[in-house]
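1. Mind looking at a prediction? Sequence and model below.
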Amino acid sequence: MAFHEALVNAREHGCLELDSSLKADLFAEKDAYAARFQDRLADPAYAQRAIEIETHLTAENFTVTIRDDGPGFDTSTVAAVTDVDLNKQCGRGLPLILLVMDQVEHNPAGNEIRLTLNKKDPR
């Protein structure tokens with residue numbers, strides 16, 4: 001689940017620079033998010049951006065790093081899990097990742113996330 005959320009964030013918010021606030025109105029006649037998504041996929045300036053995934057597995061942990069060609073974001077704005085309504089339609093991806101993973105780090109530019117899951121004690 002955390003890996004999926006990180007990939008979706010890299011694609012939609014990183015590479016395609018989509019603002020999740022466009023998802024806010026479920027009853028709108030036109031889905032503004034879907035329309036912008038299609039527009040960005042048709043625009044080579046966005047559509048040609050790539051996502052790079054690197055994995056590392058040891059006996060102690062599994063780490064996946066996801067980096068996108070987008071401009072990044074201000075990582076200081078990431079809300080604590082306790083400050084987020086996980087029932088909301090948008091804005092819950094990073095808090096869900098934080099709930100699942102043992103360690104989550106961003107690079108200074110905000111276009112890379114490193115997720116680490118440590119081996120659990122079987123006791």
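-> Here it is on my side, so go on.
2. use CA for all of it now, contacts and neighbours both
-> Noted.
3. Which strand residues bridge residue 53?
-> Counting by DSSP bridges, residue 53 forms beta bridges with residue 66.
4. Hmm, residue 69 and it touching each other?
-> No: here residue 53 lies out of contact with residue 69, judged by C-alpha atoms under 8 Å, at a distance of 11.9 Å.
5. separation between residue 75 and residue 119?
-> 27 Å (C-alpha to C-alpha, to the nearest Å).
6. same check, this time on residue 108
-> Residue 108 sits 27 Å away from residue 119, going by C-alpha to C-alpha.
7. Likewise for residue 7?
-> For residue 7 relative to residue 119 (C-alpha to C-alpha), the value is 22 Å.
8. out of these two, which sits in the busier spot?
-> For residue 7 versus residue 119, the count of surrounding residues by other C-alpha atoms under 10 Å is larger for residue 7: 20 against 12.
9. Please name the nearest non-neighbouring residue to the more buried one.
-> Closest residue to residue 7 apart from its sequence neighbours, by C-alpha to C-alpha, 6 or more residues apart in numbering: residue 66 at 7.2 Å.
10. Packing partners of the helix or strand bottoming out on mean pLDDT in the chain?
-> Using mean pLDDT, DSSP states H and E, the weakest-scoring helix or strand in the chain turns out to be helix 93-100, at a mean of 85. Other helices and strands packing on helix 93-100, by 3 or more C-alpha pairs under 8 Å, 6 or more residues apart in numbering; DSSP states H and E, are helix 2-8.
11. tell me which residues in the helix or strand just after the helix it packs on are buried?
-> Counting by DSSP states H and E, the next helix or strand C-terminal to helix 2-8 is helix 32-42. Judged by neighbour count using 16 or more other C-alpha atoms under 10 Å, the buried positions of helix 32-42 are 33, 36-37, 40.
12. now helix 32-42, how far from the centre of its chain.
-> Its chain's C-alpha centre and that of helix 32-42 lie 18 Å apart, by C-alpha atoms, centre = their mean, to the nearest Å.
13. who touches that helix?
-> Outside of helix 32-42, the residues within contact range by C-alpha atoms under 8 Å, 6 or more residues apart in numbering are 12, 16, 18-20, 22-23, 46-47.
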